[in-house]
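Asks: A predicted structure for the sequence below; I have some questions about it.
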Amino acid sequence: MSWLKQATGGDAPEPYREPSEDRKVKDPSIPNRMVSNKPANRPFLAYKEYREKQEALHAAWEERQKEREAKIARGEKVGPPERDPTAQTEVGMLGLLKFFLYLLIFTALAGKFITGSYTWEYQSKWTQLKTYWPTNQRLFSERLLAEHDGSVIGRPIYLAARQSYQPGGSYAILAGVDAARSFGTGCFKTHRTHDLRGLTERELKSVAHWKKFYAEHKDYVKIGRVSHPPIDPDSPIPEHCDPKKEAAAQAARQAAKERKRVESDHQEL
């Protein structure tokens, strides 16, 4: 409110004086000019000082380069070219890979320190080394697959649908055989076959669901494929273990045949 005091006839305010403790330094932008070293000016002054040092280093490097070129012109031996000390270093692909590697290591160590687990207690097939370095896979015949049903002690149990229970277990009947159909219909005793003919859309989705489940599960490892003989299209489709569902399936198949016959007759006309 000093202006109000002056307007009413009071004393004029004293002119601004920089604090005496602020040391004067040379202005890096304007020759023969001094500026205050107050905190507001220090970032600018520090940057200008840094730029001056960089320019001096670059000028010295250029001078050494000229001397090296002169020696080469005289036929004198010179060492490898010197890198410009002021050149900016680009990160590049290798730098990015190092960054992500260090980040991965830091995250794993932090998880071990905080939760006691390098994976932060996350369990899946993607946290297991065998997912990225799988063992050699092989092609199984139906006979060879049947030999791995758990009946021989010490021999691993293999299933085409990736289900592994010991003999006597609830699903031991699926060991040593491709029982893909049973995973869609639920007929684990009668549908121990890979024949998927006649399954409804819902049953096919169920087979696909279980296939994906076991493929992504951390406790199951793919060890190969099964070679099946061709299915005779004229052979009977396995009956459903539920009479009601079997009747509905037969009705659906009959309706599909009728539609196909009508469409064929329509095309002939």
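Replies: All right, it came through fine. Numbering: from 1, shown residues only.
Asks: By mean pLDDT, flag the weakest helix or strand of the protein.
Replies: For the chain, counting by mean pLDDT, DSSP states H and E, helix 2-7 ranks last in confidence among helices and strands (a mean of 56).
Asks: show me what contacts Cys187?
Replies: By Cβ atoms under 8 Å, 6 or more residues apart in numbering, Cys187 lies in contact with 181, 238, 240-242. The way it works is simple: take the backbone N, C-alpha and C, and place the C-beta from them, glycine included.
Asks: Return the member of the residues you listed nearest to Tyr102.
Replies: Arg181 (49.9 Å; Cβ to Cβ).
Asks: so what's the closest one closest to, chain neighbours aside?
Replies: Spatial nearest neighbour of Arg181, chain neighbours left out: His191 (4.2 Å); criterion: Cβ to Cβ, 6 or more residues apart in numbering.
Asks: Surely that neighbour is in a helix?
Replies: No. Using DSSP: H, G, I helix; E, B strand; the rest coil, the assignment for His191 is coil, not a helix.
Asks: just checking, it touches Glu239?
Replies: No. Between His191 and Glu239 there is no contact under Cβ atoms under 8 Å: 9.2 Å.
Asks: Counting neighbours, go ahead and name the busier of the two.
Replies: The neighbour count for His191 versus Glu239, taken as other Cβ atoms under 10 Å, is higher for His191 (22 against 16).
Asks: all helices for the chain, in order.
Replies: 2-7, 42-73, 92-115, 129-132, 142-146, 180-185, 201-216, 243-268 (DSSP state H).
Asks: By mean pLDDT, show me the worst of these.
Replies: Ranked by mean pLDDT, the helices of the chain bottom out at helix 2-7, with a mean of 56.
Asks: Buried residues, stretch 182-191. List them.
Replies: Along stretch 182-191, these residues count as buried under the neighbour rule (16 or more other Cβ atoms under 10 Å): 182-185, 187-188, 191.
Asks: How far off centre is it?
Replies: 36 Å (Cα atoms, centre = their mean, to the nearest Å).
Asks: One more: stretch 67-86?
Replies: So, by Cα atoms, centre = their mean, the centroid of stretch 67-86 is 47 Å from its chain's centroid.
Asks: Nice, that's everything, thank you.
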